[in-house]
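S.K.: Pasted the sequence and its predicted model underneath.
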Amino acid sequence: MQDTLLQQGLDITLFGMGIVFSFLLLLVIGTGIMSRIITRNFPEAEPAAPTPSSSAGDDARLRAIIKAAIEQHRKRR
């Protein structure tokens, strides 16, 4: 009787693991198919060329601010 119970438990365990494995395999395949469909029908747009965001005036102002901060730090020492 103990042998039969152990065998049934093993059978149920393997059956459950097979079901889970099959479901996960179908999930991976389905996700891959959906990904291919989406990328085929909706291709990614080309990224726009980056525009320079800072001008010469901004750079000069930033340099002055950094210089003042360094001088203030050196005075505190």
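M.R.: Arrived safely. It should be emphasised that the depicted structure is a prediction, and the values quoted were computed from it without experimental measurement.
S.K.: so residue 18, which of the three states?
M.R.: When classified by DSSP: H, G, I helix; E, B strand; the rest coil, residue 18 comes out as helix.
S.K.: Could you check how many residues crowd around it?
M.R.: 10 (other Cβ atoms under 10 Å). Where you see a C-beta, it was placed from the backbone N, CA and C, and this is true even at glycine.
S.K.: how close does it sit to residue 41?
M.R.: Applying Cβ to Cβ, to the nearest Å, the value for residue 18 to residue 41 is 35 Å.
S.K.: Residue 31 too?
M.R.: 16 Å.
S.K.: Give me the more crowded residue out of the two.
M.R.: Under the criterion of other Cβ under 10 Å, the comparison of residue 31 against residue 41 puts residue 31 first, with 10 against 7.
S.K.: Could you pull up phi and psi at residue 71?
M.R.: phi -60, psi -40 (degrees, to the nearest 10).
S.K.: how many other residues sit next to it?
M.R.: Residue 71: 10 surrounding residues under other Cβ under 10 Å.
S.K.: can you check the one 5 residues further on too?
M.R.: Applying other Cβ under 10 Å, we find 6 residues neighbouring residue 76.
S.K.: what about residue 25, helix or strand, and which?
M.R.: Residue 25 is located in helix 2-41, with elements delineated by DSSP states H and E.
S.K.: Sorry, slip of the keys, the one I care about is residue 43.
M.R.: Using DSSP H and E, residue 43 falls outside every helix and strand.
S.K.: swap in residue 48?
M.R.: Judged by DSSP H and E, residue 48 forms part of no helix or strand.
S.K.: and residue 61, what pLDDT?
M.R.: Note for residue 61: predicted pLDDT of 88.
S.K.: Could you do residue 14 as well?
M.R.: pLDDT, read off for residue 14, is 98.
S.K.: What count of nearby residues applies to it?
M.R.: Quick note: residue 14 (other Cβ under 10 Å) scores 10 neighbours.
S.K.: One more: residue 74?
M.R.: Residues contacting residue 74 under the criterion other Cβ under 10 Å number 8.
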